[in-house]
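In: Below are the sequence and a predicted model; questions follow.
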Amino acid sequence: MNQTQYFIGVDGGGTRTTCVLARNDGTVLKRSIGEGINFNNIGMEEARKRLHKAVTKLLEGTDVSFDCICIGMSALDYAADEETTRLFAGDLFDPDKMDMQSDAYTALMGYTLGQSGMIIICGTGSMLLMVDGKGNQQVTGGWGHILGDPGSSHALAMDGLRAAINHWEGVSQAPRLAEKAMEHFKLSYPRQLIERVFDPACSPATIAQFAKEVLILAAEGDACAYDIVFRNMDHTAAEAAALLIHAPEAARVGLHGGVFTHNPLACELFTQALQARIPHAVTGMAEYPPELGALIHVFAKRGLVTDSVLHTLKESYAAI
């Protein structure tokens, strides 16, 4: 009889961290939510403390000793090396039980279930991660809001605001975007946008919220908003195609993040632009969230991925 083992899967974002505890048969036992653990933003020590707090909460009321914790980390592009893992573990975790991957990778595992493929993440920021048939990872995008994240909420919002400014200054016409900018940022007059955007309390995530207005107008047929969404999705599709040319086996492409989750038009425009370049590419949304993707990665490394385990993961997680 196989010995029961316990694993923790973590989706470690910049804003929120989700932890799940599961047995090796796929049964998810508990979930906990904690603060973001992006150590590029808050430092290793604070990120470690936050994760430890979330894991402690997860294990409360149990006598479980976990065998491995897999962390999908927003601070990483690729799997952490040994030095980074030990530095992050500090004196609160056993580094030999830690598997630190990028959050893009664990999101991909939630889509491909351990197989080759690609994930396109378009949230506040954007990035692409491909795993080819040999298991090699390659990342593009993710340059950040200053250098540019085409396809992201922040990029859509900024393009929308630039269109509104051009309308106010008579350069081009975007009356509906200009109107929505006035409403969204509660402006009494257009140039008040300057103090709104340069307010220290105005983060990239705050600006990115305006993307919702751009996407709504695009779906309603506003020509300027539609063009903004089209150009962003076309650029992101071009990035994906540049990777897939060298790894056609990875043309199963997962769409992840708020831009795709709530907006069928963005999904449609991206898919059309990608298939125009890579006809055999297929797109879809992940059935498993990134925290379960982290568990699927662990299970795959141990040869534990079966249809039964995957079914149990999904059903037991939905139950909690």
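Out: Perfect, thanks for sending it.
In: Identify the residues contacting residue 135.
Out: The contact partners of residue 135, taken as C-beta atoms under 8 Å, 6 or more residues apart in numbering, are residue 116. From N, CA and C alone the C-beta is placed, and that goes for glycine too.
In: If we use 6 Å, what do you get?
Out: If a contact means C-beta atoms under 6 Å, 6 or more residues apart in numbering, then residue 135 has no contacts.
In: quick one: it is in a helix?
Out: No - read with DSSP: H, G, I helix; E, B strand; the rest coil, residue 135 is coil and lies in no helix.
In: Okay, helices next: where are they in the stretch 1-150 of the chain?
Out: Assigned by DSSP state H, counting those that start in this stretch, the helices in the stretch 1-150 of the chain fall at 39-42, 44-59, 82-89, 103-112.
In: Go through the lowest-mean-pLDDT helix or strand in the chain and flag the buried ones.
Out: Least confident helix or strand of the chain, by mean pLDDT, DSSP states H and E, is helix 39-42 with a mean of 88. Buried residues in helix 39-42, counted by 16 or more other C-beta atoms under 10 Å: 39, 42.
In: gap between the residue lying closest to residue 51 once chain neighbours are set aside and residue 52?
Out: Counting by C-beta to C-beta, 6 or more residues apart in numbering, the nearest residue to residue 51 once its immediate chain neighbours are dropped is residue 37, at 5.0 Å. Going from residue 37 to residue 52 by C-beta to C-beta, to the nearest Å gives 10 Å.
In: Have a look at those two and say which one is more surrounded.
Out: For residue 37 versus residue 52, the count of surrounding residues by other C-beta atoms under 10 Å is larger for residue 37: 29 against 16.
In: and the more buried one, backbone torsions?
Out: phi -130, psi 30 (degrees, to the nearest 10).
In: distance of the most centrally placed residue in the chain from residue 199?
Out: Among the residues of the chain, the one closest to the centroid is residue 121, at 4.8 Å (C-alpha atoms, centre = their mean). In this view, residue 121 and residue 199 are 27 Å apart by C-beta to C-beta.
In: Strands along the stretch 201-320 of the chain, start to end?
Out: Along the stretch 201-320 of the chain, the stretches classed as strands by DSSP state E, counting those that start in this stretch are 252-256, 282-285.
In: Residue 24 is nearest to which of the ones you listed?
Out: Of all the strands of the stretch 201-320 of the chain, strand 252-256 sits nearest to residue 24, with 25.1 Å by C-beta to C-beta.
In: Report the strands that pair with the closest one, each with its relative direction.
Out: Within its sheet, and counting by DSSP bridges, strand 252-256 is paired with strand 117-122 (parallel), strand 282-285 (parallel).
In: Let me know which of the ones you listed is tucked in deepest.
Out: Ranked by mean neighbour count, the strands paired with strand 252-256 are led by strand 117-122 with a mean of 28 (mean count of other C-beta atoms under 10 Å).
In: what residues does it touch?
Out: 104, 107-108, 127-130, 151-152, 250, 252-257, 259-260.
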